Structure formats: C-alpha cells, structure tokens
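S.K.: Structure for this input, please:
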Amino acid sequence: MSNKKKKKDKSNVLIKNKKAFHDFHILETYEAGLELKGTEVKSCRERKISIADAYVKFENNEAWLLNVNISLYTHGNQFNHDPKRNRKLLLHKSEIKKMQQAINEKGCTVVPIKFYLKFGKVKVEIGVGKGKTHGDKRESMKKRQADMDALKAMKRM
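M.R.: The predicted structure is shown next:
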C-alpha cells in the first residue's frame, strides 16, 4: 500500500468565464462581493455555477448581477434558493460611478469574469469590456495559436 495523499484542488477559483475574453476587450477589472443566501454559497462551493450569458445592470446606484444560474443545493429542502434570481453586487459607490460612466460614454458593458473564494467569502471579478468584432475575434485566435506553437517549439529544444 502506498501512502500517497489525495490531491485536493487548492485553487480558489470556482468558475471562469472564458467567453468574456473571446467576446470582449476587457478594459478594467473590479472585485465585488455578492449578496448570497446560505444554500447559494454551498452550491458555489460545489462549483455548480453557470455564468455564460451573465451581465451587470445598474439601478438606483446599485449593481445587480443578472443571468447567473447557481444550481439548487441538493440538501437544501424548503430553504433552497431560486437559481436564476438577480443578485446584488457589493461595491463602493465610486466604483459603481466609474463603471456607469464607462457604459454611458464608451458604449461598454460589464460582465463577470470569474467567481472565486477569498477568506471563505464568494467573490466575483467583473470587467468593463468593449465588444469585439468578428475580425478582432479571428485575430486573437491567430495570436493565441501562434503563442501555443512557439511554446511547443521551445519545449522540443
């Protein structure tokens, strides 16, 4: 018998939104807290989150995270949460104002980039992004492929 310890996933990142970098030029990023219920936190820890079409909306100087699906907690019984509910983001007023100005002036949008744990709390990294055109997407794919080819060539040597 070997005394090998099981490898635990020590990464604090719960989920990444890879589509955000494909569809947007991310100009600025912010860290925000989330107003979650108990069963939502437990589902997040189990990585049962979908942020594919999520975005941030501003109402009454508050930031709201929309279209995030946090699946129902399996042991949640009557206290379970609504999976598609709008969740309030916890940000400073100055950060909210900066993002609102960027949206109004530059025609940008705010999207979640990743969910992660920090000191036991669920945090979300949001980014102010400007949409890419079809040509921009092709260009970034070519650049990524060239970088991968260069890494492979370096490893062979």
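S.K.: Just give me the longest helix of the protein.
M.R.: If you go by DSSP state H, the chain has its longest helix at helix 134-156.
S.K.: Contacts made by that one with the rest, please.
M.R.: 22, 23, 25, 132 (C-beta atoms under 8 Å, 6 or more residues apart in numbering). Using the backbone N, CA and C atoms, a C-beta is placed for each residue, glycine as well.
S.K.: pLDDT (mean, whole number) over whatever helix or strand residue 102 lives in?
M.R.: Assigned by DSSP states H and E, residue 102 belongs to helix 93-106. In this model, helix 93-106 has a mean pLDDT of 90.
S.K.: In CSV, could you pull the C-alpha coordinates for it?
M.R.: Extracted in CSV, the C-alpha atoms of helix 93-106 (Å, rounded to 0.1, in the frame of the first residue of the first chain):
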residue,chain,number,x,y,z
LYS,A,93,-20.1,54.0,-4.8
SER,A,94,-17.0,55.3,-6.6
GLU,A,95,-16.5,52.0,-8.4
ILE,A,96,-20.2,52.0,-9.4
LYS,A,97,-19.9,55.5,-10.7
LYS,A,98,-16.8,54.7,-12.8
MET,A,99,-18.5,51.7,-14.4
GLN,A,100,-21.7,53.7,-15.1
GLN,A,101,-19.6,56.4,-16.8
ALA,A,102,-17.7,53.9,-18.9
ILE,A,103,-21.0,52.3,-20.0
ASN,A,104,-22.6,55.6,-20.9
GLU,A,105,-19.6,57.2,-22.6
LYS,A,106,-17.7,54.4,-24.3
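S.K.: Please tell me how far that helix is from the chain's geometric centre.
M.R.: On the basis of C-alpha atoms, centre = their mean, to the nearest Å, helix 93-106 sits 19 Å off its chain's mean C-alpha point.
S.K.: Show me what it is packed against.
M.R.: Applying 3 or more C-beta pairs under 8 Å, 6 or more residues apart in numbering; DSSP states H and E, one finds that helix 93-106 contacts strand 24-34, strand 55-59, strand 62-66, strand 109-118, strand 121-131.
S.K.: What pairs with the fourth one, parallel or antiparallel?
M.R.: Translated: strand 109-118. Strand pairing for strand 109-118, using DSSP bridges, gives strand 13-16 (antiparallel), strand 121-131 (antiparallel).
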